[in-house]
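J.: What follows is a predicted protein model with its sequence.
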Amino acid sequence: MRALRAEEVEEAGVDCAMLDAVAPEEDGGAGAELVTPEVPQALLEQLTCEFGFSEHTARRALYFTGTDSVEVAVAWMADHGEEADVDQPLLVPKAKLKVKLSKEEARAQAEALRRTVLAKREKEEKESERLREKERVRSGKELLAAKRTEEDQERRRNIAWRQREKEEEAKARDRIKQKLDEDKAARRRKLGLPEEPTPEELAAEGAKAAAKAGAEAERKAAAATAAAAVRPVSVAEKLRAELVVMKRACADEPERHKAACGALFAYVGNVARAPEDLKYRRIRLANAAFQQRVGALPGGMRFLELCGFQELPGGEFLELAQAKLSLPVLHAAGAEIQNALDNPFFGVL
């Protein structure tokens, strides 16, 4: 039994001299009388009756700790509860019965065991905190990955939706063109004319179209010359102010700001490249991509209004009329958008 107690003391980190005092060594070989060691009866009853431990386990705890403290005995049982013989009757050689500890020795032993228990508890708490922090970091990474996946899927859905919308618009235009061609052919048949225009009619229509294009080119050139005479500085400042409003509204969403600027740049760029094409000068207000990127963002609608776009009666479209089209203003708008995208300090100062 002495070797077992030495191991327990070494595991707890307590000096053997602090735990107990033993009687002088006597012959403990074969034939030595084995007896049940005496322990404080009051503590034994308290551990068995109040705490519900078995008598054998409680007796072992009181014997091996030699304590007068229930707390120390309970701590011993917590540390040795998994041992195979912890609930077996305890028999020791009569010659090796423990001598009762003095109060000073018992207090020293109790303090040593208390420190051991506290150190073990502190170690377990630190390990639990480390595992919780590890789990928190892992969960954060998973949430971030899931968010990025969702954003990527949303972008893909938007792209597919825009592609379908373009295809539907193209099909609608083709149907309208086909209908117009059929109506034109029907009118010609009623007039007794061939369904296809004659070369003379085609030549007349070409001359008329050329004259109209020449007049339109002269009008645009005159408008551009007049507009270029005075740079729209005040308009550029107003455009910049609306872009600043947009930038600040997306302070925590840089990707949203980038998408909004990209949409505005596409709108004004398309008009500047093909000012005569009505499809570039007209924006459907109900378009989901437009609403998400520009319409619902503070400053977006005002920016387009400064470029010349106006809402048509009925509230279905924004349109930039030919009479309000100004290439210098559109070029200034494009420059301000590019500045908002490239300058990291845009809207900060």
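T.: Received it, and whenever you're ready, just let me know what you need. Numbers count the residues shown, from 1 in each chain.

J.: Can you identify the element that follows the one helix or strand R156 maps to toward the C-terminus?
T.: Assigned by DSSP states H and E, R156 belongs to helix 103-190. Sequence order places helix 199-228 as the next helix or strand after helix 103-190, per DSSP H and E.

J.: Check which helices and strands that next one sits against.
T.: helix 327-342 (3 or more Cβ pairs under 8 Å, 6 or more residues apart in numbering; DSSP states H and E). No exception for glycine: its C-beta is placed from N, CA and C like everyone else's.

J.: so which strand or helix has T57?
T.: Assigned by DSSP H and E, T57 falls in helix 55-65.

J.: Please work out which residues outside that helix touch it.
T.: 5, 8, 19, 36-37, 39-40, 43-44, 47-48, 53, 72-74, 76-77, 80-81, 86-90, 92, 98, 109, 113 (Cβ atoms under 8 Å, 6 or more residues apart in numbering).

J.: Kindly recompute the last result at 7 Å.
T.: 5, 8, 37, 39-40, 43-44, 47-48, 72-73, 76-77, 86-90, 98, 109, 113 (Cβ atoms under 7 Å, 6 or more residues apart in numbering).

J.: same question, stretch 275-289
T.: Under the criterion Cβ under 7 Å, 6+ apart, residues 158, 162, 267, 270-271, 274, 290, 295, 309, 315-320, 325 lie in contact with stretch 275-289.

J.: Among those, name the ones in helices.
T.: Among the contacts of stretch 275-289, the ones falling in helices (DSSP state H) are N158, R162, Y267, N270, V271, F290.

J.: wait, Q109 sits on T67?
T.: Yes - look at Q109 against T67 with Cβ atoms under 7 Å: they come within range, at 6.3 Å.

J.: can you redo the ones in helices among the contacts of stretch 275-289 as JSON lines with neighbour count and pLDDT?
T.: Listed next are the ones in helices among the contacts of stretch 275-289 as JSON lines, based on neighbours: other Cβ atoms under 10 Å; pLDDT from 0 to 100:
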{"residue": "N158", "neighbour count": "15", "pLDDT": "90"}
{"residue": "R162", "neighbour count": "13", "pLDDT": "89"}
{"residue": "Y267", "neighbour count": "24", "pLDDT": "93"}
{"residue": "N270", "neighbour count": "15", "pLDDT": "93"}
{"residue": "V271", "neighbour count": "22", "pLDDT": "93"}
{"residue": "F290", "neighbour count": "18", "pLDDT": "92"}
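
J.: Since that was my last question, I'll sign off now.
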